[in-house]
Structures are given as structure tokens and as C-alpha cells.
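J.: just coords:
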């Protein structure tokens, strides 16, 4: 019993020679209930029955040199941890071997478990699902490479988090590289960070579901590219499709996808600090769209701030607007500090009823000695503000007491703000030398918004 706290599958007859059916031998090692099951370097061929794991068990490979490979079309999930908890898979290659399955099976599945760790693994040649988490609490999916041989427009996900067996929550999905397949989530209180989703044809690169158990996510610092075409649900692949309310979408880089960069359909969300460019490759689309699916699932009362959205080809590109509304139904969407300059059609296409806008801000200053200004007279000067154009709004100030004299400013030419001190006080006023400041605001109607 002491020796079996740590076992090797080779202790039970597994050869790892890439030819022998090692299913019974590997399962025998697992069935000992050992805390640590080691897979020495080799390729362990597993038949259609797959493998079933235990709770309180670590499966550890010898880096990527340890491969568990499916040898026949499976009759269920390849590696299944049904109702298991405190499970770790580390340093293994799981090869679905591009086999065909009759059902919705996964390379690795865990349902109704807690404390699940899948890390540092290669999950390759997947079928419909790479990793499927269903009704689990406290799960970590980190630093894996998940690969589908060919992207498909029918249902498939590199990582699927589901609530079919109960709510999934308190997860971390971090540092994974998903190739030819993407991520789909129905969970809450989960962080999805620093993943790369590269090439996919079904759904969004990261999709959150319209579900009562999907909310309060953090989707941050991911790189999403290569979503192409239209899938079987008539979805033109966006970078992120979010319906989860109370979600933060921050710091993502999203580019060269078939549809919109971010489809934002979750209420009371924050979309901030993302770089979104050259999307709309299949159907010309905006960088960010506020969606309205229903009274429950829509982007109302969200904040969209400090994003940079552009098309490198400008009017000749495919990304139509930096921001657009799907229709006039969303409300109280606040836009602030975004830069939507350089898209195909224009900066923005707002249709909803209530917005607050704040565009890019430019600033400049200059020394000025107005001297004495008699009643009814004016004193003028200019401040250089790079990027200012006619039609921009201007706010000006002076660091001296202007004694009731009116100070106004306006853009008089490109890169130039003109200032006037207008004396209507009834007497002469002498104003000391100081510094005048000009702040230029881009309006939402501006091409430079």
C-alpha cells in the first residue's frame, strides 16, 4: 500500500510502444487509487473505451514525451473524470488522433467535481471538444496547447465550460494556446486571461452564453485572431461574443476576424483598454457592437472606455466603425476616452437612445502677457495644439487673475487654437504675464474620434 502511493503505468504492464493496446494496464494503475500515477515517456495506445479517473489523483507525464493516444473511434469521452474532485493532469500529451465520435465527446471531461487542475498538457487532434468542464467548482485550466487538425464551422470548442450538470464557477482559464478551435463559457466568477485563440470557424474566439449561470467574468489580455467564415448557426465569427452581465473585457488584442471584434451583449459590463483592428474580414463589421438580444440579454448600462479601434487600410479596409449599436434598443451606454480614428466607414454609428460621449483630448500651452486692456477692447494670442481641427470643442484657462475679463478659445486653423480676452468690465484691466492652456476635445461626429 505504501508503494502504491506512487505508481507507474509500466508497473502494470503498459508498454508505451505506440502499437500495443495498453488500455487495461493503464486503467489497472489508475484503479489502485494511487495519489500519483506516472506516465513515463512513451505512447500509450488506448482503445474505444477510454480511461476513467479517480478523485484525489495526479496523472503526471514526462513532459510532452508521454502521450496517451486514442486508437479507435471512441464510445464516450476519451479521458473521463465523472463526479471526481481534487484531480490534476500535468505534463501529458492527450491525442484524440482525429477519430470520429457518434456523440458529443471530449478528449478530457470532468463533471460535478471540485478542485480540478489541467495544466502544461498538449491536447491534440481533438474532435468536438478538447477540455469539457461541466458543473465544476474551482477549476484551473492553465498553460495547455489545444489543437484541432482542421477548423470546422460545426460545433467544436478547444475549451467548453458548461452548466448542463449544474453551475460551473470560480475557475481560471489562463495561458492556453487554442489552435483551430475556440472557447465557450457558461459559468460565473471565472477569469479568462492571457490565452491565444488562433484560427476558428465556429462561434466567437471567446463566447459567453445567454444563461442565468453565466455572469461576472473577467476576460482580459487574450489574443484572438483568425476567426473566419459563417458557422452553422449563421454567426459570422467575432473575436469575443459576450452575453454575461457584470463582465470585464479588458486589454485584449483582437484582429483579422470574420465578424465584429467584440459583440457586447451583457448588461452592466465594462469594455476597456482593448486593441481591435482589421476585423470584418468575412462580412464588413465594426470593432465593437452593443447587442440587443432580449430584455435580459443586451448591452445596456455598460461602459466602453479607452479602446483603440482602427483598420490599417482605412476606407479601403473591412472594419466599418470603431463603435456601433445593433439597434436603438440598448440604453445608458457610456463611451469615454476611446479612439475610433481610421475605420472604413467612420468613427461611430450610434443608434441607441442614451449615451455619454467623451472623445480623445489634446492639450497645449503658451506664455502670454496681455498687459492693459481698455474697456470694450480685446487681446488675442494663439496656442499650438497638434491634431486640432476646425469643429473641435475647446476649453481654455489662464494661470493669472483675469479680473472679470471674458476668456474664450476656438480652433481657428489646423493645429491652432485662438484665444481672446474680451474686456466688458467698464474700465481698464491690467493682466500679468503667465501661461495660457488650451484643451481640445474631439466630438463623436469627428473623423478623429
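T.: That came through fine. As the structure is a prediction and not an experimental result, all values here were calculated from the model.

J.: for this structure, which spans come out with low pLDDT?
T.: In the predicted model, the chain carries pLDDT under 70 at residues 354.

J.: ok, how many other residues are close to the closest residue in space to residue 63 that isn't next to it in sequence?
T.: Distance criterion C-beta to C-beta, 6 or more residues apart in numbering; nearest residue to residue 63, sequence neighbours excluded, is residue 91 at 5.5 Å. No exception for glycine: its C-beta is placed from N, CA and C like everyone else's. Using other C-beta atoms under 10 Å, residue 91 has 18 other residues around it.

J.: Against residue 20, how distant is residue 91?
T.: 22 Å (C-beta to C-beta, to the nearest Å).

J.: cool, residue 402 as well?
T.: 91 Å.

J.: all strands for the stretch 301-449 of the chain, in order.
T.: With DSSP state E, counting those that start in this stretch as the criterion, the stretch 301-449 of the chain has strands at 303-305, 308-310, 321-325, 333-336, 346-349, 355-356, 361-368, 371-373, 378-384, 393-398, 406-413, 416-422, 429-431, 434-441.

J.: closest to residue 107 out of those strands?
T.: Smallest distance to residue 107 across the strands of the stretch 301-449 of the chain (C-beta to C-beta): 35.9 Å, for strand 308-310.

J.: Which neighbouring elements make contact with that closest one?
T.: strand 275-277, strand 321-325 (3 or more C-beta pairs under 8 Å, 6 or more residues apart in numbering; DSSP states H and E).

J.: Run through who's touching it.
T.: Contact with strand 308-310 is made by 261, 274-277, 286-288, 319, 322-323, 338-343, as judged by C-beta atoms under 8 Å, 6 or more residues apart in numbering.

J.: in stretch 412-428, what's buried?
T.: 415-419, 421, 423 (16 or more other C-beta atoms under 10 Å).

J.: Then stretch 375-391?
T.: Buried, per 16+ other C-beta under 10 Å, within stretch 375-391: 379, 381-383, 385, 388-389.

J.: Kindly check the end-to-end length of that stretch for me.
T.: One end of stretch 375-391 to the other measures 30 Å (C-alpha to C-alpha, to the nearest Å).

J.: can you list contacts of that stretch?
T.: Under C-beta under 8 Å, 6+ apart, the answer for stretch 375-391 is 362-366, 368, 370-371, 373, 394, 396, 409, 411-428, 431, 436-438, 440, 443, 445-446, 448.

J.: chain center to it, what's the gap?
T.: Distance, stretch centre to chain centre, for stretch 375-391: 43 Å (C-alpha atoms, centre = their mean, to the nearest Å).

J.: for stretch 98-111, same thing?
T.: 26 Å.

J.: Does residue 144 touch residue 120 like I think?
T.: Yes: look at residue 144 against residue 120 with C-beta atoms under 8 Å: they come within range, at 7.0 Å.

J.: Much appreciated, bye for now.
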